[in-house]
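Novice: My questions concern the predicted model and sequence given below.
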Amino acid sequence: MYIRKIEIKNLWRNDFSWTLNEDVNVLIGKNGSGKSTILRMLNEAVLPVEDSRLNFRLFDPADEMIVELEDDIVIRIDSESRSITGNMEITRYELNATLINTFDVVEKSLNPSTTLLDYQLDRLKLEFVTYQRDLSNQVEEAFKNDNEASRNDQLERIQAIYETKNIFTEILTELFSHTEKKFDEKAFHFLKTGIQTPILPENLSSGEKQILIILLTTLLQDRKKCILLMDEPEISLHIDWQRSLIKNIRRINPNCQVIIATHSPTVYYQGWIEKMARTEEIRSSSDLVTECSILIEKTMRSEGSVQKIRSDFRNFSGGILAKLYQFNRKISAYTSFTKDECIELLDFLKEKGIYPDVITFTTLISKLNSYTDAKEIFDLMEAETYSRLSHVKPSDITLNTLIKKVGRVEEGLELIQNVSANKKLQLYPDITTFSTLLGKAKNTDEIWLLEEVRNYYGVKTNEIYLNKLKFKR
């Protein structure tokens, strides 16, 4: 599975929108333009692991990140809520992504002779041993299943099984030929003409270690659809190695989507110039009112989602509370709804004699793409159109979900003032509220105004807020 497009809202007061190719993508730009940050955020966003295991601090400088994958799968990352949501009922996707960014790391471990590159090679060595064992098992299985095959057929099958590894070995031999080193795949070390003592991977130069890491990582993808992100891979690589880097990766795994951030024209001049994008080309001044184009497009395509939820409701089991719980989980799986769809869903619950709770309203608000629409759904709680307010009051999470939709700091502060003055709601801002608005601040005056209001409400800072404040000043 590949990445089609990424959009980042309000990263250092800029929006980024990058449409990707399935094969090769190269991002160039000046130092500090955001290349490395975009790659690290992208890698973290597509890791198919639990939210609690992700480094959401990477997303603190931005409002949110939207990633579109194949099959119309959309991933939405929100740093404030520390959550990643998708537009599928259960977002299941096989996405094998690897980020290689240790090329400029000089940090040493407790062992002064072991670098982070060495740690990567140690890990890859273990995976390479497993990979070779799997190839041997495939050969054994091929013979077992067809004993009547001719010797030529058997040899062709063996050759097909080992084809990718042979290409890897051929490339490695060619790259290391100028130093007369040859890779011994069984012992996982190098031999040099005229020298009996083998050369261990940790004794290679940094450039040799880097190219070995890149090619091994690509080999272990086993020609599957994978994503390889590399941050400045040219560091320490000879210019000839830079020139052939993308070609060699694509030879080993033609199904690999390569995404590179680089300063070196040599990396992409050999046939990949049309795959190159500049940071200034994918960057624009942040417009906090405008929704990501990916979400707008997916909202327009969401016709039938309400009907699907209504249909699935028939399979819900248990009493009213159990069905409401299942309903809330169902709607939370979607990336976005229109306001009319939210009203239609609330009306559907009313038909079934079910009162929506605060989770229902909060979830629907989170799926809307404009502040005006989200505020209308929020106001339905106070109006008691679908639930009695005495039972279903908006929570701080509801307020913070709504705050994310505002386009301007002034608009957010007005909302805070209105809800805090409403004694019926008993709702007040917290540090998440101010942290969200801080991300929307466009100048120093707005930052100082936020600080003044935060102090007025006696809200203490936290790590996330201070981290954002550091990026804003």
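Specialist: That came through fine. Numbering: from 1, shown residues only.

Novice: For the stretch 351-473 of the chain, which segments count as helices?
Specialist: 358-366, 371-383, 396-403, 409-421, 431-440, 444-456, 463-472 (DSSP state H, counting those that start in this stretch).

Novice: Quick one: closest of those to residue 314.
Specialist: helix 358-366 (18.8 Å; Cβ to Cβ). All C-beta spots, glycine's among them, are computed from the backbone N, C-alpha and C.

Novice: Run through who's touching that closest one.
Specialist: Contacts of helix 358-366 with the rest of the structure, by Cβ atoms under 8 Å, 6 or more residues apart in numbering, involve 324, 327-328, 331-332, 337, 342, 345-346, 349, 374, 377-378, 380-381, 392-395, 397-398, 401-402, 404-405.

Novice: Quick check: buried residues in that helix?
Specialist: The neighbour-count check on helix 358-366 (16 or more other Cβ atoms under 10 Å) flags 358, 359, 360, 361, 362, 363, 364, 365, 366 as buried.

Novice: Excluding sequence neighbours, find me the nearest residue to the fifth one.
Specialist: What it means is residue 362. residue 398 (4.5 Å; Cβ to Cβ, 6 or more residues apart in numbering).

Novice: so what's that neighbour scoring on pLDDT?
Specialist: We have a pLDDT of 93 for residue 398.

Novice: any idea how far it lies from residue 381?
Specialist: 8 Å (Cβ to Cβ, to the nearest Å).

Novice: now do residue 64
Specialist: 24 Å.

Novice: Comparing the two, which residue is more hemmed in?
Specialist: It is residue 381, of residue 64 and residue 381, that has more neighbours when counted by other Cβ atoms under 10 Å, with 23 against 20.

Novice: dump the residue contacts of that one.
Specialist: 358, 361, 387, 389, 392, 393, 394, 398.

Novice: Among the residues you listed, which one lies nearest to residue 169?
Specialist: Nearest to residue 169 among the contacts of residue 381, with distances taken as Cβ to Cβ, is residue 398, at 59.2 Å.

Novice: shouldn't that closest one be in contact with residue 380?
Specialist: No - using Cβ atoms under 8 Å, residue 398 is not in contact with residue 380, being 11.7 Å away.

Novice: more crowded one of the two?
Specialist: residue 398 (24 against 19).

Novice: Pull the contacting residues for that one.
Specialist: 358, 361, 362, 365, 378, 381, 427.

Novice: Would you mind measuring from it to residue 241?
Specialist: Taking Cβ to Cβ, one finds residue 398 at 55 Å from residue 241.

Novice: Tell me which of the contacts of residue 398 has the lowest pLDDT.
Specialist: Ranking the contacts of residue 398 by pLDDT, residue 381 lands last with 88.

Novice: Counting by contacts, list what the top helix by length along the chain packs against.
Specialist: Taking DSSP state H as the criterion, the chain has its longest helix at helix 116-145. Applying 3 or more Cβ pairs under 8 Å, 6 or more residues apart in numbering; DSSP states H and E, we find helix 116-145 packed against helix 151-161, helix 163-175, helix 206-219.

Novice: The ones you listed into CSV, with extra columns for distance to residue 247?
Specialist: Converted to CSV, those look like this (distance: least, Cβ to Cβ, whole Å):
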stretch, distance to residue 247
helix 151-161, 22
helix 163-175, 9
helix 206-219, 12
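
Novice: deepest of these, which one?
Specialist: By mean neighbour count, with neighbours taken as mean count of other Cβ atoms under 10 Å, helix 206-219 ranks first of these at a mean of 22.

Novice: angle of it against helix 116-145?
Specialist: Here helix 206-219 runs at an angle of 30 degrees relative to helix 116-145 (axes from the mean of the first three to the mean of the last three Cα atoms, to 10 degrees).

Novice: who touches helix 206-219?
Specialist: 98, 100, 102-103, 115, 117-118, 120-121, 124, 127-128, 131, 164-165, 168, 171-172, 175-176, 201, 204, 228, 230, 233, 235-238, 241, 245, 248-249, 252-253, 256.

Novice: now for whichever helix or strand comes after that helix, which elements pack on it?
Specialist: On the C-terminal side of helix 206-219, the closest following helix or strand by DSSP states H and E is strand 226-231. Counting contacts by 3+ Cβ pairs under 8 Å, 6+ apart, strand 226-231 packs against helix 35-46, strand 96-100, helix 206-219, strand 256-261.

Novice: switch to 7 Å and redo it
Specialist: Applying 3 or more Cβ pairs under 7 Å, 6 or more residues apart in numbering; DSSP states H and E, one finds that strand 226-231 contacts helix 35-46, strand 96-100, strand 256-261.

Novice: Would you mind listing the buried residues in the first one?
Specialist: Residues of helix 35-46 classed as buried: 35, 36, 37, 38, 39, 40, 41, 42, 43, 44, 45, 46 (neighbour count, 16+ other Cβ under 10 Å).

Novice: Quick one: mean pLDDT for that helix?
Specialist: Computed over helix 35-46, the mean pLDDT rounds to 87.

Novice: can you check the second one too?
Specialist: Over the span of strand 96-100, the pLDDT mean works out to 87.

Novice: got the contact list for that strand?
Specialist: Outside strand 96-100, the residues that touch it by Cβ atoms under 7 Å, 6 or more residues apart in numbering are 39-40, 43, 46-47, 213-214, 217, 221, 224, 226-230, 233.

Novice: Select, from those residues, the two members most distant in space.
Specialist: 40 and 224 (23.1 Å).

Novice: Please parse the chain into its domains.
Specialist: 3-93+280-285, 116-270, 303-472 (automatic domain parsing).

Novice: give the contact list for residue 283.
Specialist: Going by Cβ under 7 Å, 6+ apart, residue 283 touches 14, 16.

Novice: Specify the beta-bridge partners of it.
Specialist: residue 16 (DSSP bridges).

Novice: show me where pLDDT drops low in the stretch 251-400 of the chain?
Specialist: The stretch 251-400 of the chain contains residues with pLDDT under 70 at 287-292, 294-303, 389-390.

Novice: Please apply the same query to the stretch 51-200 of the chain.
Specialist: For the stretch 51-200 of the chain, applying pLDDT under 70 flags the ranges 51-57, 78-94, 102-114, 145-152.

Novice: Not counting its neighbours along the chain, what's nearest residue 118?
Specialist: That would be residue 202: by Cβ to Cβ, 6+ apart, it lies 4.8 Å from residue 118.
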